[in-house]
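Trainee: coords below, sequence missing:
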């Protein structure tokens, strides 16, 4: 079965739980955004993901990408689907109208890409970086560079890549050795340079989906400081403005565990022509703008792939009969009565309901974050902008780390529903497990996300920003509701633990790094509980569709919070 988006589920979360249209109408440029318009766009996005992209998934995994003499050919149907995608205007959904975009909310883009990743993760890797690269160039590119490259990037006609990692560098970008040499004299585009060096793990740095590829490359200028402060960012196109091929070469593509339909490239730049993006020595600051946008997208990958695996497992559990379910009626009528459907077995319902809990709660958090991204940029009230920015800064690493982890582990649990049939290719669920694993690694490993949260976001201000965010969540909770009362107590306990970690870190510099992962997972469970509190108090949430995963939250998921808090506390110095 192919993945099928379910717009009705999304509509309930977006329109009823989050009340998104009312929030968006308070922002400049979004005053005419209403539920019917958003629903129309979501219906069309669901059709494209389910009918055009999803049918290419299994075949793309089987065929994979092919490399020959520096050229990469994507699986059959991928290029035609991408051409239809950009010509229909989907990449330009949230880009500014002055750049040829539609100026629509980021929320719609986040839902679109969640569905696309669920439908065909490998295919969606190519357009997934468009918005981040667009924002990077729009905020840091020179006027001449924008005039040449911003419009085709915003529209998706030309696709971008990030060329960061090198064989000796990995996640430590301070070890990057690629060199950039200024070119004397001013060309049509200023700040021209020659780029020399090699990059690895560059997703879709060579393909046949678009006529040009825009590489965003980290490199060092002559005399640059060592480490990350000496890095600058350059735009290096595959084809130059005159149409000539740039000195950019794909030397090979990686043989990977998953994502076979997406080429992960080893690239060589032989004095390739490129132009400086942003300030000299400030390449990481410009690149992080792109990476942060990608991190929310990657969280959506985790949710989407988990939903895709859940859909397969849910359908299988309603078709496959195995053994007698506990408490089942005695067998009496024919062969089918000698075994019950898998869905009647408590162990299978547990697996399915737990994944549904993570998917639905994660969507509330991701969609709320998308709303806050627009608010942080455009809300007329400065205090509201600051509050929205605080949410995005603190919650984005949690979403990326916790939901990519659950995307992989939950897909593996869904495979378990199939038993031995899940381990063979014909059912498709094993592909989701393979494809999901990389999301825990790229755009900053999950361990780096945890360190970013605790060491770079919580410790510097002594936890004040996080405390304000948690107080806003606490204020929404009704102590008369059992779930809310449980969450209020948990928030108080987490606040106390944060103070203990901050205090202990003053005398033990390694401690925050040691406890960061458990700290992030604990915060993820608190946020998941808050999201379900929002769902539970929304009219219409009394349906079984929402009550079953809510019950799983209470009985199977939230109890893990006490374990995470205890794991952190056991590493604190004992007084």
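Mentor: Everything's here; your move. This one's a predicted model, so the numbers in the text were calculated from it and none came from an experiment. Numbering: from 1, shown residues only.

Trainee: contacts only, for residue 505.
Mentor: 459, 511-512 (C-beta atoms under 8 Å, 6 or more residues apart in numbering). From N, CA and C alone the C-beta is placed, and that goes for glycine too.

Trainee: kindly provide the distance from it to residue 459.
Mentor: From residue 505 across to residue 459, the span is 6 Å (C-beta to C-beta, to the nearest Å).

Trainee: joint contacts of those two?
Mentor: Taking C-beta under 8 Å, 6+ apart as the criterion, residue 505 and residue 459 both touch residue 512.

Trainee: which one of the contacts of residue 505 sits in the busiest neighbourhood?
Mentor: The member of the contacts of residue 505 that has the most neighbours, counting by other C-beta atoms under 10 Å, is residue 512 with 21 neighbours.

Trainee: which element is residue 462 on?
Mentor: Under DSSP states H and E, no helix or strand contains residue 462.

Trainee: now do the helix or strand encompassing residue 196, average pLDDT.
Mentor: Using DSSP H and E, the element containing residue 196 is strand 192-203. Mean per-residue pLDDT for strand 192-203: 97.

Trainee: for stretch 209-218, same thing?
Mentor: On average, stretch 209-218 scores 97.

Trainee: endpoints of it, how far apart?
Mentor: Taking C-alpha to C-alpha, to the nearest Å, stretch 209-218 runs 24 Å from one end to the other.

Trainee: and of the contacts of residue 505, the nearest to residue 3?
Mentor: residue 512 (39.3 Å; C-beta to C-beta).

Trainee: what's near enough to touch the closest one?
Mentor: Neighbouring residues of residue 512 by C-beta under 8 Å, 6+ apart: 451, 454-455, 459, 501, 505.

Trainee: what of residue 116?
Mentor: Counting by C-beta under 8 Å, 6+ apart, residue 116 makes contact with 49, 53, 123-124, 127-128, 304.

Trainee: then residue 102?
Mentor: 89, 92-95.

Trainee: any idea how far stretch 506-516 is from the middle of the chain?
Mentor: A distance of 27 Å separates the centroid of the chain from that of stretch 506-516, by C-alpha atoms, centre = their mean, to the nearest Å.

Trainee: and stretch 503-513, by the same measure?
Mentor: Put simply, stretch 503-513 sits 30 Å off its chain's centre (C-alpha atoms, centre = their mean).

Trainee: and stretch 514-525, by the same measure?
Mentor: Mean-position distance between stretch 514-525 and its chain equals 18 Å (C-alpha atoms, centre = their mean).

Trainee: buried sites along it?
Mentor: By neighbour count on 16 or more other C-beta atoms under 10 Å, the buried set for stretch 514-525 is 515-525.

Trainee: out of those, which is nearest to residue 533?
Mentor: Taking C-beta to C-beta as the measure, residue 533 sits nearest to residue 525 out of the buried residues of stretch 514-525, at 12.7 Å.

Trainee: from residue 498, how far off is the closest residue to that closest one other than its chain neighbours?
Mentor: Closest residue in space to residue 525, ignoring its immediate chain neighbours: residue 561 at 4.4 Å, by C-beta to C-beta, 6 or more residues apart in numbering. Distance, residue 561 to residue 498, using C-beta to C-beta: 14 Å.

Trainee: pairing partners for the longest strand along the chain, with directions?
Mentor: Longest strand in the chain by number of residues (criterion: DSSP state E): strand 264-277. Sheet partners assigned to strand 264-277 using DSSP bridges are listed as strand 192-203 (antiparallel), strand 231-237 (antiparallel), strand 248-253 (antiparallel).

Trainee: so for residue 67, which of these sits nearest?
Mentor: When these are compared (using C-beta to C-beta), the closest one is strand 248-253, at 4.7 Å.

Trainee: buried ones in that closest one, by neighbour count?
Mentor: For strand 248-253, by 16+ other C-beta under 10 Å, it's 248-250, 253.

Trainee: in these, find the pair that's most separated.
Mentor: Maximum pairwise distance among those (C-beta to C-beta): 14.6 Å, between 248 and 253.

Trainee: so what touches the helix or strand encompassing residue 466?
Mentor: Assigned by DSSP H and E, residue 466 falls within helix 464-476. By C-beta under 8 Å, 6+ apart, the residues outside helix 464-476 that reach it are 387, 390-391, 393-395, 457-458, 487-488, 491, 494-495, 498, 526-527, 530, 533-534.

Trainee: only the buried subset of those residues, as a PyMOL command please.
Mentor: Buried residues within the contacts of helix 464-476, by 16+ other C-beta under 10 Å, are selected in PyMOL with:
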select buried, resi 387+390+391+393+394+395+457+458+487+488+491+494+498+526+527+530+533+534
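
Trainee: mark which of the contacts of helix 464-476 are part of helices, please.
Mentor: Among the contacts of helix 464-476, the members found in helices (DSSP state H) are 387, 390-391, 393-395, 487-488, 491, 494-495, 498, 526-527, 530, 533-534.

Trainee: quick one: which of the contacts of residue 116 is most hemmed in?
Mentor: Counting neighbours by other C-beta under 10 Å, residue 304 comes out on top of those with 31 neighbours.

Trainee: am I right that it is in contact with residue 114?
Mentor: Yes: assessed by C-beta atoms under 8 Å, residue 304 is found in contact with residue 114 at 4.5 Å.

Trainee: list the contacts of the nearest residue to residue 128 once chain neighbours are set aside.
Mentor: Nearest residue to residue 128 in three dimensions, chain neighbours excluded: residue 297, at 5.5 Å (C-beta to C-beta, 6+ apart). Applying C-beta under 8 Å, 6+ apart to residue 297 gives the contacts 110, 113, 128, 131-132.

Trainee: what stretches of the stretch 451-575 of the chain score poorly on pLDDT?
Mentor: Scanning the stretch 451-575 of the chain for pLDDT under 70 picks out 575.

Trainee: ok now the worst-scoring helix or strand of the chain on mean pLDDT, how far from the chain's centre?
Mentor: Ranked by mean pLDDT, DSSP states H and E, the weakest helix or strand in the chain is helix 283-317, scoring a mean of 91. Centroid displacement of helix 283-317 relative to its chain, using C-alpha atoms, centre = their mean, is 3 Å.

Trainee: in that helix, which residues are buried?
Mentor: 283-284, 286-287, 289-314, 316-317.

Trainee: and the angle from that helix to strand 231-237?
Mentor: 70 degrees (axes from the mean of the first three to the mean of the last three C-alpha atoms, to 10 degrees).

Trainee: so residue 394 sits against residue 461, correct?
Mentor: No: counting by C-beta under 8 Å, residue 394 stays clear of residue 461, with 10.9 Å between them.

Trainee: any common contacting residues for the two?
Mentor: When C-beta under 8 Å, 6+ apart defines a contact, no residue borders residue 394 and residue 461 alike.

Trainee: now the residue most central in space within the chain: how far from residue 263?
Mentor: Residue closest to the average C-alpha location in the chain (C-alpha atoms, centre = their mean): residue 298, at 1.7 Å. Taking C-beta to C-beta as the measure, residue 298 falls 18 Å from residue 263.

Trainee: please apply the same query to residue 23.
Mentor: Spatial separation of residue 23 from residue 263 under the definition C-beta to C-beta is 39 Å.

Trainee: those two: which is more packed in?
Mentor: residue 263 (29 against 19).

Trainee: nearest spatial neighbour of that one, skipping sequence neighbours?
Mentor: Distances taken as C-beta to C-beta, 6+ apart place residue 65 nearest to residue 263, at 4.2 Å, with adjacent residues excluded.

Trainee: ok, now which ones touch that neighbour?
Mentor: Counting by C-beta under 8 Å, 6+ apart, residue 65 touches 72-75, 207, 253, 260-263.

Trainee: of the residues you listed, which belong to strands?
Mentor: Among those, DSSP E puts 72-73, 253 in strands.

Trainee: hang on, isn't residue 315 packed against residue 1?
Mentor: Yes: with contact defined as C-beta under 8 Å, residue 315 reaches residue 1; the gap is 6.1 Å.

Trainee: whatever helix or strand comes next after the least confident helix or strand of the chain vs helix 283-317, what angle?
Mentor: Using DSSP H and E, the helix or strand that directly follows helix 283-317 along the chain is helix 346-378. Interaxial angle, helix 346-378 versus helix 283-317 (the same axes, to 10 degrees): 150 degrees.
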